[in-house]
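Q: The following block contains a protein sequence and its predicted model.
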Protein chains: 2
Amino acid sequence: MDRVPVLKIGDILLVSIQIDLDDQTALQLQEDLSDRIVETGAHGVVIDISALEIVDSFIGRMLSTIAAVSRVLDAETVVVGMRPAVAITLVELGLSLNGVRTALNVDKALDILAAAKQVHGVGMLTVVEDAGA
Amino acid sequence: MDRVPVLKIGDILLVSIQIDLDDQTALQLQEDLSDRIVETGAHGVVIDISALEIVDSFIGRMLSTIAAVSRVLDAETVVVGMRPAVAITLVELGLSLNGVRTALNVDKALDILAAAKQVHGVGMLTVVEDAGA
(Lines give C-alpha, C1' and ligand atoms only; values in the text may rest on other atoms or scores of the structure.)
Protein backbone atom coordinates (compact mmCIF):
# COMPACT_ATOMS: atom_id res chain seq x y z
CA MET A 1 0.00 0.00 0.00
CA ASP A 2 1.21 3.48 -0.85
CA ARG A 3 1.81 5.75 2.08
CA VAL A 4 2.33 9.50 2.14
CA PRO A 5 5.43 10.34 4.22
CA VAL A 6 5.12 12.78 7.11
CA LEU A 7 8.30 14.86 7.51
CA LYS A 8 9.23 16.63 10.72
CA ILE A 9 10.91 20.02 10.33
CA GLY A 10 11.56 21.61 13.70
CA ASP A 11 8.15 21.65 15.41
CA ILE A 12 6.23 21.48 12.14
CA LEU A 13 5.05 18.42 10.23
CA LEU A 14 5.17 18.58 6.45
CA VAL A 15 3.17 16.40 4.08
CA SER A 16 3.54 16.57 0.33
CA ILE A 17 0.66 14.83 -1.43
CA GLN A 18 1.77 13.51 -4.80
CA ILE A 19 -0.12 10.29 -5.27
CA ASP A 20 -3.77 9.68 -6.01
CA LEU A 21 -5.43 9.20 -2.65
CA ASP A 22 -7.96 6.43 -2.24
CA ASP A 23 -10.00 5.87 0.94
CA GLN A 24 -7.40 3.62 2.48
CA THR A 25 -4.42 5.91 1.81
CA ALA A 26 -6.32 8.97 3.02
CA LEU A 27 -7.31 7.23 6.26
CA GLN A 28 -3.75 6.05 6.74
CA LEU A 29 -2.46 9.60 6.24
CA GLN A 30 -4.93 10.96 8.83
CA GLU A 31 -3.79 8.30 11.29
CA ASP A 32 -0.07 8.78 10.62
CA LEU A 33 -0.44 12.53 10.96
CA SER A 34 -2.35 12.39 14.26
CA ASP A 35 0.15 9.87 15.64
CA ARG A 36 3.08 12.06 14.65
CA ILE A 37 1.48 15.20 16.14
CA VAL A 38 1.10 13.46 19.49
CA GLU A 39 4.53 11.82 19.27
CA THR A 40 6.43 14.99 18.32
CA GLY A 41 4.30 17.66 19.97
CA ALA A 42 4.24 19.51 16.66
CA HIS A 43 2.29 22.75 16.73
CA GLY A 44 1.68 23.00 13.01
CA VAL A 45 0.97 20.90 9.93
CA VAL A 46 1.81 22.02 6.40
CA ILE A 47 0.19 20.12 3.54
CA ASP A 48 1.62 20.71 0.08
CA ILE A 49 -0.80 20.02 -2.78
CA SER A 50 1.23 21.55 -5.61
CA ALA A 51 1.39 18.15 -7.32
CA LEU A 52 -2.40 17.81 -7.38
CA GLU A 53 -4.12 18.81 -10.58
CA ILE A 54 -7.56 18.12 -9.17
CA VAL A 55 -8.98 18.68 -5.70
CA ASP A 56 -12.40 17.10 -5.58
CA SER A 57 -14.89 16.90 -2.71
CA PHE A 58 -13.16 13.75 -1.39
CA ILE A 59 -9.78 15.44 -1.04
CA GLY A 60 -11.43 18.63 0.18
CA ARG A 61 -13.19 16.70 2.93
CA MET A 62 -9.97 14.90 3.83
CA LEU A 63 -8.13 18.22 4.19
CA SER A 64 -10.93 19.57 6.40
CA THR A 65 -10.88 16.43 8.56
CA ILE A 66 -7.10 16.57 8.94
CA ALA A 67 -7.35 20.25 9.94
CA ALA A 68 -10.11 19.49 12.46
CA VAL A 69 -8.28 16.56 14.03
CA SER A 70 -5.01 18.51 14.17
CA ARG A 71 -6.76 21.43 15.82
CA VAL A 72 -8.09 19.18 18.56
CA LEU A 73 -4.50 18.03 19.05
CA ASP A 74 -3.45 21.70 19.28
CA ALA A 75 -1.81 21.93 15.86
CA GLU A 76 -2.76 24.41 13.14
CA THR A 77 -3.02 23.19 9.54
CA VAL A 78 -1.97 25.21 6.49
CA VAL A 79 -2.44 23.98 2.92
CA VAL A 80 0.13 25.31 0.45
CA GLY A 81 0.90 25.18 -3.26
CA MET A 82 -2.64 25.21 -4.59
CA ARG A 83 -2.62 25.71 -8.35
CA PRO A 84 -4.70 28.60 -9.72
CA ALA A 85 -6.83 26.17 -11.74
CA VAL A 86 -7.52 24.12 -8.61
CA ALA A 87 -8.63 27.26 -6.73
CA ILE A 88 -11.01 28.17 -9.56
CA THR A 89 -12.47 24.65 -9.66
CA LEU A 90 -12.91 24.61 -5.88
CA VAL A 91 -14.94 27.81 -5.98
CA GLU A 92 -16.96 26.65 -9.00
CA LEU A 93 -17.78 23.40 -7.22
CA GLY A 94 -18.78 25.34 -4.12
CA LEU A 95 -16.19 23.57 -1.96
CA SER A 96 -15.00 25.79 0.85
CA LEU A 97 -12.22 23.77 2.56
CA ASN A 98 -13.82 24.41 5.94
CA GLY A 99 -11.38 25.30 8.67
CA VAL A 100 -8.37 24.97 6.40
CA ARG A 101 -5.93 27.85 6.15
CA THR A 102 -4.04 28.30 2.90
CA ALA A 103 -0.73 29.95 2.00
CA LEU A 104 1.08 30.35 -1.32
CA ASN A 105 4.19 28.45 -0.32
CA VAL A 106 5.85 26.62 2.56
CA ASP A 107 7.83 29.67 3.74
CA LYS A 108 4.63 31.69 4.12
CA ALA A 109 2.94 28.79 5.89
CA LEU A 110 5.82 28.62 8.37
CA ASP A 111 5.43 32.37 9.00
CA ILE A 112 1.71 31.90 9.67
CA LEU A 113 2.37 29.00 12.03
CA ALA A 114 5.11 30.89 13.87
CA ALA A 115 2.74 33.83 14.34
CA ALA A 116 -0.10 31.55 15.47
CA LYS A 117 2.22 29.97 18.03
CA GLN A 118 3.10 33.39 19.48
CA VAL A 119 -0.42 34.67 19.92
CA HIS A 120 -2.62 32.30 21.88
CA GLY A 121 -6.03 31.86 20.28
CA VAL A 122 -5.13 33.34 16.91
CA GLY A 123 -5.62 29.94 15.35
CA MET A 124 -9.34 29.86 16.09
CA LEU A 125 -9.87 33.43 14.94
CA THR A 126 -8.20 32.92 11.57
CA VAL A 127 -10.28 29.81 10.97
CA VAL A 128 -13.44 31.89 11.30
CA GLU A 129 -12.10 34.42 8.79
CA ASP A 130 -11.26 31.76 6.23
CA ALA A 131 -14.62 30.03 6.51
CA GLY A 132 -16.43 33.03 4.97
CA ALA A 133 -17.80 32.14 1.53
CA MET B 1 3.29 13.87 -16.88
CA ASP B 2 3.96 13.45 -13.19
CA ARG B 3 6.26 15.96 -11.60
CA VAL B 4 7.97 15.87 -8.23
CA PRO B 5 7.39 19.17 -6.40
CA VAL B 6 10.38 21.15 -5.12
CA LEU B 7 9.56 22.94 -1.86
CA LYS B 8 11.52 25.93 -0.60
CA ILE B 9 12.02 26.11 3.17
CA GLY B 10 14.15 29.08 4.11
CA ASP B 11 17.34 28.69 2.05
CA ILE B 12 16.88 24.95 1.63
CA LEU B 13 15.04 23.07 -1.11
CA LEU B 14 13.13 19.95 -0.12
CA VAL B 15 12.10 17.16 -2.46
CA SER B 16 10.04 14.19 -1.33
CA ILE B 17 10.15 11.38 -3.88
CA GLN B 18 6.99 9.31 -3.69
CA ILE B 19 6.30 8.25 -7.25
CA ASP B 20 8.04 5.75 -9.46
CA LEU B 21 10.59 7.74 -11.42
CA ASP B 22 11.02 7.05 -15.10
CA ASP B 23 13.71 8.67 -17.26
CA GLN B 24 11.51 11.62 -18.16
CA THR B 25 10.40 12.38 -14.58
CA ALA B 26 13.95 12.02 -13.25
CA LEU B 27 15.32 14.41 -15.89
CA GLN B 28 12.51 16.86 -15.16
CA LEU B 29 13.32 16.72 -11.45
CA GLN B 30 17.01 17.40 -12.11
CA GLU B 31 16.06 20.37 -14.28
CA ASP B 32 13.50 21.75 -11.84
CA LEU B 33 15.93 21.42 -8.98
CA SER B 34 18.80 23.17 -10.78
CA ASP B 35 16.46 25.95 -11.88
CA ARG B 36 15.19 26.42 -8.33
CA ILE B 37 18.70 26.46 -6.86
CA VAL B 38 19.72 29.26 -9.22
CA GLU B 39 16.42 31.11 -8.79
CA THR B 40 16.37 30.97 -4.99
CA GLY B 41 20.09 30.88 -4.22
CA ALA B 42 19.44 27.88 -1.97
CA HIS B 43 22.57 26.49 -0.30
CA GLY B 44 21.18 23.04 0.40
CA VAL B 45 18.97 20.34 -1.06
CA VAL B 46 17.22 17.71 1.06
CA ILE B 47 15.83 14.67 -0.76
CA ASP B 48 13.43 12.48 1.19
CA ILE B 49 13.26 8.87 -0.02
CA SER B 50 11.28 7.41 2.90
CA ALA B 51 8.48 6.46 0.51
CA LEU B 52 10.81 4.43 -1.69
CA GLU B 53 10.90 0.69 -1.06
CA ILE B 54 13.55 0.13 -3.68
CA VAL B 55 16.56 2.21 -4.67
CA ASP B 56 18.08 0.64 -7.76
CA SER B 57 21.08 1.73 -9.80
CA PHE B 58 18.90 4.12 -11.83
CA ILE B 59 17.71 6.03 -8.77
CA GLY B 60 21.16 5.79 -7.20
CA ARG B 61 22.69 7.38 -10.29
CA MET B 62 20.00 10.05 -10.33
CA LEU B 63 20.75 10.97 -6.71
CA SER B 64 24.47 11.16 -7.49
CA THR B 65 23.83 13.35 -10.52
CA ILE B 66 21.56 15.68 -8.57
CA ALA B 67 24.23 15.96 -5.86
CA ALA B 68 26.96 16.67 -8.43
CA VAL B 69 24.92 19.31 -10.28
CA SER B 70 23.85 20.94 -7.01
CA ARG B 71 27.45 21.06 -5.83
CA VAL B 72 28.51 22.90 -8.98
CA LEU B 73 25.71 25.36 -8.18
CA ASP B 74 27.12 25.70 -4.64
CA ALA B 75 24.41 23.69 -2.89
CA GLU B 76 25.02 20.62 -0.73
CA THR B 77 22.69 17.60 -1.10
CA VAL B 78 21.54 15.38 1.76
CA VAL B 79 19.38 12.30 1.25
CA VAL B 80 17.10 11.47 4.19
CA GLY B 81 14.64 8.79 5.25
CA MET B 82 16.38 5.79 3.77
CA ARG B 83 14.73 2.56 5.00
CA PRO B 84 17.01 -0.01 6.62
CA ALA B 85 16.11 -2.56 3.94
CA VAL B 86 17.06 -0.06 1.23
CA ALA B 87 20.44 0.55 2.88
CA ILE B 88 21.10 -3.19 3.01
CA THR B 89 20.14 -3.66 -0.64
CA LEU B 90 22.33 -0.73 -1.70
CA VAL B 91 25.36 -2.26 -0.06
CA GLU B 92 24.56 -5.73 -1.40
CA LEU B 93 24.27 -4.32 -4.91
CA GLY B 94 27.56 -2.48 -4.46
CA LEU B 95 25.93 0.91 -5.08
CA SER B 96 27.77 3.63 -3.20
CA LEU B 97 25.66 6.77 -3.83
CA ASN B 98 28.79 8.66 -4.84
CA GLY B 99 29.05 12.17 -3.44
CA VAL B 100 25.68 11.91 -1.69
CA ARG B 101 25.47 12.67 2.02
CA THR B 102 22.77 10.95 4.05
CA ALA B 103 20.97 11.77 7.29
CA LEU B 104 18.32 9.92 9.25
CA ASN B 105 15.70 12.64 9.05
CA VAL B 106 15.03 16.15 7.76
CA ASP B 107 15.94 17.83 11.06
CA LYS B 108 19.38 16.22 11.05
CA ALA B 109 19.85 17.11 7.38
CA LEU B 110 19.09 20.75 8.19
CA ASP B 111 21.69 20.64 10.97
CA ILE B 112 24.28 19.25 8.56
CA LEU B 113 23.47 21.91 5.96
CA ALA B 114 23.58 24.70 8.53
CA ALA B 115 27.01 23.49 9.69
CA ALA B 116 28.27 23.17 6.10
CA LYS B 117 27.14 26.74 5.42
CA GLN B 118 29.13 28.02 8.40
CA VAL B 119 32.42 26.38 7.55
CA HIS B 120 33.61 27.21 4.06
CA GLY B 121 34.89 24.15 2.20
CA VAL B 122 33.31 21.57 4.47
CA GLY B 123 31.08 20.49 1.62
CA MET B 124 33.95 19.21 -0.51
CA LEU B 125 35.69 17.55 2.43
CA THR B 126 32.63 15.57 3.48
CA VAL B 127 32.12 14.40 -0.07
CA VAL B 128 35.57 12.84 -0.05
CA GLU B 129 34.81 11.09 3.24
CA ASP B 130 31.53 9.71 1.94
CA ALA B 131 32.99 8.49 -1.31
CA GLY B 132 35.12 5.90 0.50
CA ALA B 133 33.82 2.38 -0.21
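A: Looks like it arrived, so ask away.

Q: Pull out the buried residues from the longest helix along chain A.
A: Longest helix in chain A, counting residues (DSSP state H): helix A:23-40. Buried residues in helix A:23-40, counted by 16 or more other C-beta atoms under 10 Å in any protein chain shown: A:25-26, A:28-29, A:32-34, A:36-37, A:40. Backbone N, C-alpha and C define where each C-beta goes, glycine included.

Q: Tell me the one of those nearest chain B?
A: A:T40 (10.0 Å; C-beta to the nearest C-beta).

Q: In terms of distance to A:T65, which of the buried residues of helix A:23-40 ranks first?
A: Of all the buried residues of helix A:23-40, A:A26 has the smallest distance to A:T65: 8.6 Å, by C-beta to C-beta.

Q: What residues does that closest one make contact with?
A: A:58-59, A:62 (C-beta atoms under 8 Å, 6 or more residues apart in numbering or on different chains).

Q: about what we covered before: any chance of a markdown table for the buried residues of helix A:23-40, columns distance to A:Q118?
A: Shown next, in a markdown table, are the buried residues of helix A:23-40 (distance: C-beta to C-beta, whole Å):
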| residue | distance to A:Q118 |
| --- | --- |
| A:T25 | 35 |
| A:A26 | 32 |
| A:Q28 | 33 |
| A:L29 | 28 |
| A:D32 | 28 |
| A:L33 | 23 |
| A:S34 | 24 |
| A:R36 | 23 |
| A:I37 | 19 |
| A:T40 | 20 |
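
Q: ok, so of those, who is nearest A:V46?
A: A:L33 (11.1 Å).

Q: show me the contacts for that closest one.
A: By C-beta under 8 Å, 6+ apart, A:L33 lies in contact with A:6, A:13, A:15, A:45, A:66, A:69-70.

Q: Dump those into CSV; add secondary structure as well.
A: Below are the contacts of A:L33 laid out as CSV (DSSP: H, G, I helix; E, B strand; the rest coil):
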residue, secondary structure
A:V6, strand
A:L13, strand
A:V15, strand
A:V45, strand
A:I66, helix
A:V69, helix
A:S70, helix
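
Q: With pLDDT, distance to chain B and neighbour count as extra columns, can I get these in a markdown table?
A: Converted to a markdown table, these look like this (pLDDT from 0 to 100; distance: C-beta to the nearest C-beta, whole Å; neighbours: other C-beta atoms under 10 Å in any protein chain shown):
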| residue | pLDDT | distance to chain B | neighbour count |
| --- | --- | --- | --- |
| A:V6 | 96 | 9 | 19 |
| A:L13 | 97 | 10 | 24 |
| A:V15 | 96 | 9 | 22 |
| A:V45 | 97 | 14 | 27 |
| A:I66 | 95 | 17 | 23 |
| A:V69 | 95 | 22 | 17 |
| A:S70 | 95 | 19 | 23 |
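
Q: how far does stretch A:99-114 sit from the chain's center?
A: Mean C-alpha position of stretch A:99-114 versus that of the full chain (C-alpha atoms, centre = their mean, to the nearest Å) differs by 9 Å.

Q: Outside of that stretch itself, list whatever touches it.
A: With C-beta under 8 Å, 6+ apart as the criterion, stretch A:99-114 contacts A:12, A:14, A:43-44, A:46, A:48, A:63-64, A:67-68, A:71, A:76-82, A:126-127, A:130-131, B:7-10, B:14.

Q: ChimeraX command for the buried members of the residues you listed?
A: The buried residues among the contacts of stretch A:99-114 can be selected in ChimeraX (16+ other C-beta under 10 Å) with this line:
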select /A:12,14,43,44,46,48,63,64,67,71,76,77,78,79,80,81,82,126,127 /B:7,9,10,14
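
Q: buried subset of the contacts of A:A26?
A: Among the contacts of A:A26, the ones that count as buried by 16+ other C-beta under 10 Å are A:59, A:62.

Q: mind listing which of the contacts of A:A26 are in helices?
A: Per DSSP H, the subset of the contacts of A:A26 in helices is A:58-59, A:62.

Q: Appreciated, that's everything.
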